[in-house]
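> coordinates only, no sequence provided:
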């Protein structure tokens, strides 16, 4: 697979816009040339998304390569009726990037386990940590109640740190549609989580 530094900036070529759906179909049949064109047309945007999430250039390159390897292996699963090719590709890349961040955080927690277990922790601090952990669990569970399109938009906006305009661009949507998905997702999250009583742990 080609290096990230040499990729172009968008899904166009000197001949004009690239038909990503057609490239996906050809790549799903093992057409390496089509996959190369797909990579050239989209890698800069994919790498930019990954870099925003992992915030480390070396890891961003690795994750980008992993994302395209997954695309090569699973291109036959792409269904144009469920979304655009770019949206599908960006979703795979974002998931890979988030997995890398979570893995790094888990490794860091393992490295500090002995220190945390050995330290004398004030009871109030323990309660705060327990509350935070339970709240995070509730939010993760609530995210699974959203539709796929709502969760995708919310993750980009609030976990990826992107603006509504950037989310719309990544998902190949009108800005108004992206805002609606984010707003509807937030409303559904609020309704799922419900009001939280002061000082309670649920």
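On my side now, so go ahead. Note that the structure is predicted; figures quoted are calculated from it, not measured.
> where exactly do the strands run in the chain?
12-13, 16-17 (DSSP state E).
> worst mean pLDDT among these?
For the strands of the chain, mean pLDDT drops lowest on strand 12-13, to a mean of 50.
> can you pull the contacts of the residue most central in space within the chain?
The centre of the chain sits closest to residue 94, judged by CA atoms, centre = their mean, with a distance of 2.5 Å. Counting by CB atoms under 8 Å, 6 or more residues apart in numbering, residue 94 touches 49-50, 53, 155-156, 160. C-beta here means a position set from N, CA and C on the backbone, and glycine is covered the same way.
> shaky segments in the protein?
1-16, 108, 110-140, 158-160, 194-202 (pLDDT under 70).
> domains for this structure, by residue range?
Domain assignment for the chain by automatic domain parsing gives 1-119, 122-202.
> which one (most neighbours) among the contacts of residue 94?
Within these, residue 50 tops the neighbour count with 29 neighbours, counted by other CB atoms under 10 Å.
> where exactly do the helices run in this protein?
Listed in chain order, the helices of the chain (DSSP state H) span 20-28, 32-54, 57-74, 85-111, 113-118, 123-143, 148-154, 164-170, 175-193.
> and residue 96, how far is that from residue 180?
Residue 96 sits 27 Å away from residue 180, going by CB to CB, to the nearest Å.
> could you do residue 99 as well?
Counting by CB to CB, the gap from residue 99 to residue 180 is 28 Å.
> ok, now residue 166?
Distance from residue 166 to residue 180, counting by CB to CB: 16 Å.
> same question, residue 186
11 Å.
> now swap in residue 148 and tell me
Residue 148 is 15 Å from residue 180, by CB to CB.
> comparing the two, which residue is more hemmed in?
residue 180 (15 against 10).
> which residues touch that one?
Applying CB under 8 Å, 6+ apart, no residues qualify as near residue 180.
> at 10 Å instead, please
By CB atoms under 10 Å, 6 or more residues apart in numbering, the contact set of residue 180 is 149-150, 153, 173-174.
> if we can go back for a sec, give me the common contacts of residue 186 and residue 180.
150, 153.
> related to what we said a few turns ago, possible to save the contacts of residue 180 as CSV with distance to residue 58 and neighbour count?
CSV is the format used below for the contacts of residue 180 (distance: CB to CB, whole Å; neighbours: other CB atoms under 10 Å):
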residue, distance to residue 58, neighbour count
149, 32, 19
150, 33, 21
153, 29, 29
173, 31, 19
174, 36, 10
